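Trainee: Got a sequence here, can you model it:
(2 chains)
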Amino acid sequence: NAGVTQTPKFRILKIGQSMTLQCTQDMNHNYMYWYRQDPGMGLKLIYYSVGAGITDKGEVPNGYNVSRSTTEDFPLRLELAAPSQTSVYFCASSSNEQFFGPGTRLTVL
Amino acid sequence: ILNVEQSPQSLHVQEGDSTNFTCSFPSSNFYALHWYRWETAKSPEALFVMTLNGDEKKKGRISATLNTKEGYSYLYIKGSQPEDSATYLCASINAGNNRKLIWGLGTSLAVNP
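Mentor: Residues are numbered from 1 along each chain as shown, chains lettered A, B, ... in the order given. Predicted coordinates:
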């Protein structure tokens, strides 16, 4: 099992650009999550999904969109990147405890 | 308590010391309490998932207890080693909340050799 994989690992965006952060899990988990982690702020939930075709907002959804067309994939879309979206992004999946991907470090300049 | 609170925020101990941290969480509508270990430049890894009042779990030198009635959990590390240096996160789940975790800010542990 590869577990939870995320791509890319690093990315620099210009203000106003768009990108998709990819997340895939091979554990057949129904629950998947996107978090952002800012220094001193802990993990903040952006979006989550309880199964294919079902998504819902977390604490900080503004500026992001998600889709869940399959059980395995849960991509996170940034439409108009802003400096406030500079962060480390973690994808996770769970059946009980959460399994985290390696993270994507995003910088918006 | 509406949020998950962890104390202390940071801790420095000597190799061989035993230590413990506290996690306070909302006790109403409790479903589960998670502990995670997060090493620098890595991803969080699950240590324990606890659901029952009075539950105790152990993994090597690390153990945890749970009191759901008063809303707290303790994490203990016996004989700390430098490789235990990490941030220890706890998170609670409320019933009917689609397994969304409410995360604490963590306790940062540094073990000096």
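
Trainee: Please count neighbours and contacts with C-alpha atoms only from this point.
Mentor: Noted.

Trainee: Can you pull the residues of chain A lying near chain B?
Mentor: By Cα under 8 Å from any Cα of the partner chain, the part of chain A that sits against chain B consists of A:40-43, A:50, A:96-103.

Trainee: Just the buried residues from the residues you listed, in PyMOL please.
Mentor: In PyMOL, a selection of the buried entries from these looks like this (16 or more other Cα atoms under 10 Å in any protein chain shown):
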select buried, chain A and resi 43+50+97+98+99+100+101+102+103
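
Trainee: Reformat the residues of chain A next to chain B into JSON lines and put pLDDT and secondary structure next to each item.
Mentor: Output for the residues of chain A next to chain B, formatted as JSON lines (pLDDT from 0 to 100; DSSP: H, G, I helix; E, B strand; the rest coil):
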{"residue": "A:40", "pLDDT": "78", "secondary structure": "coil"}
{"residue": "A:41", "pLDDT": "83", "secondary structure": "coil"}
{"residue": "A:42", "pLDDT": "84", "secondary structure": "strand"}
{"residue": "A:43", "pLDDT": "92", "secondary structure": "strand"}
{"residue": "A:50", "pLDDT": "94", "secondary structure": "strand"}
{"residue": "A:96", "pLDDT": "90", "secondary structure": "coil"}
{"residue": "A:97", "pLDDT": "93", "secondary structure": "coil"}
{"residue": "A:98", "pLDDT": "96", "secondary structure": "strand"}
{"residue": "A:99", "pLDDT": "97", "secondary structure": "strand"}
{"residue": "A:100", "pLDDT": "97", "secondary structure": "strand"}
{"residue": "A:101", "pLDDT": "97", "secondary structure": "coil"}
{"residue": "A:102", "pLDDT": "96", "secondary structure": "coil"}
{"residue": "A:103", "pLDDT": "96", "secondary structure": "coil"}
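
Trainee: Can you name the two of the residues of chain A next to chain B that sit furthest apart?
Mentor: Using Cα to Cα, the pair of the residues of chain A next to chain B lying farthest apart is A:40 and A:50, separated by 28.3 Å.

Trainee: helices and strands of chain B: which one bottoms out on pLDDT?
Mentor: Considering only helices and strands, the least confidently modelled element of chain B by mean pLDDT, DSSP states H and E is strand B:102-103, at a mean of 92.

Trainee: Are there helices or strands packed against that one, and which ones?
Mentor: strand B:86-94 (3 or more Cα pairs under 8 Å, 6 or more residues apart in numbering or on different chains; DSSP states H and E).

Trainee: buried residues in the strand it packs on?
Mentor: Buried-residue list, strand B:86-94, by 16+ other Cα under 10 Å: B:86, B:87, B:88, B:89, B:90, B:91, B:92, B:93, B:94.

Trainee: quick one: is it near chain A?
Mentor: No: against chain A, strand B:86-94 shows no contacts by Cα under 8 Å from any Cα, the least distance being 9.0 Å.

Trainee: That strand pairs with which strands?
Mentor: When pairs are called by DSSP bridges, strand B:86-94 turns out to pair with strand B:30-38 (antiparallel), strand B:102-103 (antiparallel), strand B:107-112 (antiparallel).

Trainee: Show me what from chain B comes close to chain A.
Mentor: Within chain B, the residues that sit near chain A (Cα under 8 Å from any Cα) are B:34, B:42-46, B:48-49, B:98, B:103-106.

Trainee: and with 7 Å instead?
Mentor: Among all residues of chain B, those adjacent to chain A (criterion: Cα under 7 Å from any Cα of the partner chain) are B:42, B:43, B:44, B:45, B:46, B:49, B:103, B:105.
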